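Engineer: Build me a structure from this.
(chains A and B)
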2 protein chains.
Amino acid sequence: MVDLHPRLAADTRSLGETSLCYIRWMNDRRFPWVVLVPKRDGIREWYELDSADQHELLDLMNRCALHLQALTGAGKINIGALGNVVPQLHIHVIARSDGDACWPGPVWGQGQVEPYGEQDEPSWVAALRQRLSYRCA
Amino acid sequence: MVDLHPRLAADTRSLGETSLCYIRWMNDRRFPWVVLVPKRDGIREWYELDSADQHELLDLMNRCALHLQALTGAGKINIGALGNVVPQLHIHVIARSDGDACWPGPVWGQGQVEPYGEQDEPSWVAALRQRLSYRCA
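Structural biologist: Below is the predicted model:
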């Protein structure tokens, strides 16, 4: 079992998982935001995964993006794999809209996070969990 | 033939192309930076490509990332697909290093672009062009 980096564990909560990835949601009211973390040791770059994992990660990313857009009505999905601060490979899938807190700039490192209450979960999380369960068996 | 968005045409120069993508390099001395633009009309999100194109784009992205890291010695590759300003789907592959102009933040929309002279091309561009030609036939 591969552990989540402590920063990812602190900033995100579980949405689900596949055999390849932890699926997390970012605890920030400003943006519907999914983070995919492959359960592979010591991987920092997408190209370091083996080819099958590279493509499985892409499929999961695109399923998340498609459903996140549909569920939120977002005008744009932002995809990112940065890792300058947290080296463990993780893929951001973020629903963006004209007028959101950082529009049209990127969200990373901008402004102040607005966390949910400890027991709160936005409705899109449950809805995305349900949609992915149809296809992540 | 699909045209490049005018903003992409202005900010980047040609590195090469495949049957799927224009391969461009960002005209900014601060970062070795590749931009991949699928030649498909009206596509804004990765998941809007058909499945074969989605995966071909991933393979090209990962080849560019692998070689860009090797050629530049970058500590980290940043991948991004934002499109909040330029809607035409385009994938950023950026070589980042501790101490670069934006480290550890993202590069998009930060600081001032430092363009090359009209006839200048950084050496990594020719080297990447050569490496990709072995595998982009």
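
Engineer: residues near the nearest residue to residue A:133 once chain neighbours are set aside, how many?
Structural biologist: Leaving aside its sequence neighbours, residue A:133 sits nearest to residue A:16 (C-beta to C-beta, 6 or more residues apart in numbering or on different chains; 7.2 Å). (Each C-beta comes from the backbone N, C-alpha and C, glycine too.) Applying other C-beta atoms under 10 Å in any protein chain shown, we find 16 residues neighbouring residue A:16.

Engineer: dump the residue contacts of residue A:16.
Structural biologist: Neighbour list for residue A:16: A:23, A:129, A:132, A:133, A:136 [criterion: C-beta atoms under 8 Å, 6 or more residues apart in numbering or on different chains].

Engineer: Would you mind listing what in chain A touches chain B?
Structural biologist: Contact residues (C-beta under 8 Å from any C-beta of the partner chain) of chain A with chain B: A:44-47, A:54-55, A:58-59, A:61-63, A:65-66, A:69, A:76-85, A:87, A:96, A:103-106, A:108-109.

Engineer: Residue A:56: neighbour count?
Structural biologist: 17.

Engineer: Residue A:20 is in contact with that one, correct?
Structural biologist: Yes - if you go by C-beta atoms under 8 Å, residue A:56 and residue A:20 touch, sitting 5.2 Å apart.

Engineer: Tell me the spacing between the closest residue to residue A:28 other than its chain neighbours and chain B.
Structural biologist: Spatial nearest neighbour of residue A:28, excluding adjacent residues (C-beta to C-beta, 6+ apart): residue A:113 at 4.8 Å. As judged by C-beta to the nearest C-beta, to the nearest Å, residue A:113 and chain B stand 15 Å apart.

Engineer: Residue A:113: neighbouring residues, count only.
Structural biologist: 12.

Engineer: mind checking pLDDT for it?
Structural biologist: Confidence at residue A:113, expressed as pLDDT, is 96.

Engineer: so who does it touch?
Structural biologist: Per C-beta under 8 Å, 6+ apart, neighbours of residue A:113: A:11, A:27, A:28, A:30.

Engineer: most surrounded residue in the contacts of residue A:16?
Structural biologist: Neighbour-wise, the contacts of residue A:16 (other C-beta under 10 Å) top out at residue A:23, 22 neighbours.
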